[in-house]
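attaching a predicted model along with its sequence, questions to come.
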Amino acid sequence: MNLEDLNPSQREAVLCIDAPSLVIAGAGSGKTRVLTYKVAYLLEQGMEPWNILALTFTNKAAREMRERIATLVSPEKATALWMGTFHSIFARILRIECPRLGYQTNYTIYDAADSLSLVKLIIREMNLDEKVYKPSAVQSRISNAKNRLVLPSAYNSVREFRESDAFFNRTLIPEIYRRYQEHCKQSNAMDFDDLLLNMWLLLKHNPEVATLWQERFHFVLVDEYQDTNYAQHQIVWLLTNQRQRVCVVGDDAQSIYSFRGADIDNILHFREAYTGTRLFKLEQNYRSTQTIVNAAGSLIRNNREQISKSVFSEKEVGNPLVRYEAYSDTDEANIVLREVQRIHRTGVPYRGIAVLYRTNAQSRKMEDCFLHGHVPYHIYAGMSFYQREEIKDMLCYLRLAANPYDEESLRRIINKPARGIGDTTVKKLLAAAATAGIPVWDMLEAGNPPDLNAGTLKRLSDFYAMIADFHQRSATDDAHTLALHIAKESGLQEMIFSGHDPEDLSRQENLQELLDGIGAFVDENMEQGGGVHLSDYLQEASLATDLDRNKADEDEDAVNMMTIHSAKGLEFPVVFVVGLEEGLFPGEMSLESPRALEEERRLFYVALTRAEKLVILTCAKSRFRNGRMEFSRPSRFIREIPPQYFGRGETSSFQNSKFIIQNSSQGSGTGRYIFKRPTPNITPTSTSSPCGRAGEGQNALPLGSTVVHERFGRGVVQAIEGSGIDAKATVCFENAGTKVLMLRFAKLTVV
């Protein structure tokens with residue numbers, strides 16, 4: 001090991017082994033390097049590997065650190081370290097000590113599915129309404145309580161829990177929690193949250209055990225300390241408060257997981273908990289250009305709750321940030337597609353490009369655009385929009401409405417939401433249809449499947465009547481009107497919108513995005529003279545749901561698409577950050593909470609610092625949301641980046657063509673810059689209208705005029721044909737390509 005391989009700040013942090021230390025590691029500053037060298041240095045100073053505890057948040061991080069340490073010292077010493085995730089290390093200790101808590105050492109660890117199953121069992125035993133006591137919501141609340149070290153007996157003493165439960169009429173959650181813990185104890189089982197709760201109980205109420213493990217671990221290191229929750233912080237304190245030999249590494253500017261229980265105060269107030277703490281700041285960014293680092297630093301300085309730092313880069317000045325203000329979310333997706341294609345043509349592999357968004361629902365527009373543009377993509381740490389459970393459920397309802405003989409769709413949604421048609425009933429129904437040699441739908445229509453009681457027959461009859469109604473409407477209603485009706489009448493909308501935890505909110509956003517997408521499809525097809533019924537939409541949607549066409553193999557060169565939360569820890573040469581509008585990013589719910597707004601700003605900081613060479617920011621003036629076109633303002637975060645970090649006329653090395661730059665009419669008026677393509681130079685073609693106009697009065701549209709469409713953006717009228725209600729205009733749009741629009745429906749404005 002050669003300490004000269006470290007920069008001065010990294011070296012100082014490594015050499016401090018006689019006092020508590022707080023290492024603030026800015027993005028791309030080499031924090032893993034510091035942790036591995038520090039462990040190697042401790043071993044070189046004679047500390048035994050089994051006296052060192054290193055806690056991480058992922059197995060991948062632990063594996064990477066152990067491998068690096070093995071190359072610095074020896075594989076034998078690296079193997080003997082107590083190094084792993086919080087949960088794995090505490091499970092290892094509890095295997096030894098759990099009899100003190102009334103468990104046997106062969107206890108079982110329940111995963112999330114096991115835990116949810118137990119919650120459901122208890123709710124049913126108590127004869128509670130699962131629509132009120134939604135199992136996933138109850139499970140989430142129990143998990144939250146454990147991570148805050150709140151036992152069932154103390155649950156109602158927490159005002160936040162008490163008031164929330166009263167609001168949602170879930171006042172029996174404390175009793176569910178009590179029974180849940182009793183069942184786990186009787187089954188000699190712990191869930192993941194119990195590994196933290198029981199570790200704390202063990203150390204807190206057994207001083208001799210706490211002393212034993214304090215003497216075992218002479219030095220404790222913790223990675224990503226900004227992501228620790230209250231329980232993790234308290235356990236680290238109980239393990240280190242005697243020796244005070246602890247080093248925590250993290251970056252308060254990248255604390256973005258409060259929805260999972262992470263508490264930024266743990267890192268902000270670490271020096272108050274450990275007197276004599278030495279503070280080290282790793283401020284040199286080895287990842288990004290000076291422009292990206294300076295822009296991100298200017299942004300994050302707007303936060304009040306932070307440990308001040310001056311992150312810098314000694315890499316090249318690099319490309320200016322690029323900003324596009326699109327006319328709509330459709331225009332935005334088209335811009336991203338065209339830029340990705342152009343950047344790729346300059347030699348940047350697709351895998352070197354990332355498209356980051358605030359919410360999962362935003363992926364749909366991008367996926368559809370990439371699919372039609374033949375650009376391969378991965379959904380990183382997630383799944384394609386069309387493969388999400390709630391989307392597949394809704395699409396199955398739509399398919400069944402169009403074609404009641406679709407047995408695959410029928411089997412999926414016949415009891416979703418639950419309507420008392422269980423697996424046994426479905427098996428009998430399928431068997432009866434097979435025996436009779438008729439489709440299941442015909443069996444339902446006949447209304448007499450054998451071996452079923454009157455109550456079950458009534459439920460099947462009601463289901464048949466509902467789908468028959470949907471099918472009848474599919475011949476007359478447009479796809480959007482029908483989809484809204486189906487979402488409501490099927491009960492799917494009520495089921496999805498009944499929850500209030502982050503996972504529920506994501507599912508709600510996804511369903512709304514699908515419905516909005518159907519609405520946009522209807523509007524667009526109406527303008528272009530295409531079909532607007534359900535069968536027309538399903539034909540279009542089938543392209544997006546064909547996984548063989550839109551799912552890239554792991555080794556394939558593909559654009560990375562992901563939420564910003566999923567992007568933390570990753571880096572790419574080129575990063576797009578999309579949807580930068582007030583109410584979307586920052587999110588609407590954060591606008592009334594200063595602390596939540598600061599976390600949104602940290603999230604944007606994380607997005608910016610994923611980029612090595614180029615950042616492209618996009619926002620839209622309008623976005624189809626909640627069934628209508630909504631107008632929006634650019635995110636305040638864009639305005640918080642000084643104008644000198646945006647380009648002023650010349651393009652980057654990734655770009656082959658120049659841009660026209662205009663001062664934005666939005667924002668603070670201090671000279672923001674928006675990159676736009678030049679208006680296409682198109683020669684108008686011939687027209688059937690002798691004067692080159694279509695329509696009368698205010699509907700007259702000059703041939704060759706520049707127009708703006710609320711979804712497709714700016715374009716030039718290339719041709720006009722027909723007259724009156726049949727008049728059509730061919731418009732070449734800057735980003736959306738050429739469209740033929742029915743003028744009586746087209747939302748065009750001459751500029």
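Looks like it arrived, so ask away.

how much space between residue 460 and residue 81?
Applying CB to CB, to the nearest Å, the value for residue 460 to residue 81 is 61 Å. (Glycine included, C-beta is placed from N, CA and C.)

in this structure residue 230 contacts residue 262, no?
No: the criterion here is CB atoms under 8 Å, and residue 230 misses it with residue 262 at 9.5 Å.

okay, the two: which has more neighbours?
residue 262 (23 against 18; other CB atoms under 10 Å).

dump the residue contacts of the more buried one.
By CB atoms under 8 Å, 6 or more residues apart in numbering, the residues touching residue 262 are 226, 227, 228, 229, 255, 256.

try 6 Å this time
227, 229 (CB atoms under 6 Å, 6 or more residues apart in numbering).

doesn't residue 220 belong to a helix?
No: Residue 220 is assigned strand when assessed by DSSP: H, G, I helix; E, B strand; the rest coil, not a helix.

hang on, it packs against residue 240?
Yes: look at residue 220 against residue 240 with CB atoms under 6 Å: they come within range, at 5.1 Å.

any shared contact partners between these two?
Taking CB under 6 Å, 6+ apart as the contact rule, residue 220 and residue 240 both touch residue 246.

worst-scoring helix or strand of this protein, pLDDT-wise?
Every helix and strand of the chain was ranked by mean pLDDT, DSSP states H and E. The lowest is strand 660-663, at a mean of 28.

for residue 353, what are phi and psi?
Main-chain dihedrals, residue 353, degrees, to the nearest 10: phi -120, psi 130.

SS state for residue 732?
Assignment for residue 732 (three-state DSSP): strand.

how far away is the closest residue to residue 253 other than its chain neighbours from residue 702?
With CB to CB, 6 or more residues apart in numbering as the criterion, residue 253 has its nearest non-adjacent residue at 5.1 Å, and that residue is residue 300. Here the criterion is CB to CB. By it, residue 300 lies 49 Å from residue 702.

pick out whichever of those two has more residues nearby.
residue 300 (24 against 15).

which residues sit in contact with residue 741?
527, 528, 729 are the contacts of residue 741 under CB under 6 Å, 6+ apart.

how about the contacts made by the closest residue to residue 388 other than its chain neighbours?
Among residues not flanking residue 388 along the chain, residue 510 sits closest, at 5.6 Å (CB to CB, 6+ apart). Under the criterion of CB under 6 Å, 6+ apart, the contact partners of residue 510 comprise 361, 388, 390, 391.

please redo it, this time with the cut-off set to 8 Å
By CB under 8 Å, 6+ apart, the contact list for residue 510 reads 360, 361, 385, 388, 390, 391.

do residue 736 as well
Counting by CB under 8 Å, 6+ apart, residue 736 has contacts 330, 331, 334, 711, 712, 713, 715.

how about low-confidence regions in this structure?
Filtered on pLDDT under 70, the chain yields the residue ranges 543-555, 627, 648-700.

dead centre of it: give me the residue that sits there.
residue 563 (3.8 Å; CA atoms, centre = their mean).

residues near the closest residue to residue 18 other than its chain neighbours, how many?
Spatial nearest neighbour of residue 18, excluding adjacent residues (CB to CB, 6+ apart): residue 245 at 7.6 Å. Using other CB under 10 Å, the number of residues around residue 245 comes to 21.

what do you get for residue 199?
27.

looking at this, it is in a helix?
Yes: under three-state DSSP, residue 199 falls within a helix.

how close does it sit to residue 89?
Counting by CB to CB, the separation of residue 199 from residue 89 is 9 Å.

contacting residues around residue 327?
Contacts of residue 327 (CB under 8 Å, 6+ apart): 620, 621, 622, 708, 709, 710, 711, 712, 713, 714.

so what's the first one bridging to?
Right, the one you point to is residue 620. For residue 620, the beta-bridge partners are residue 326 (DSSP bridges).
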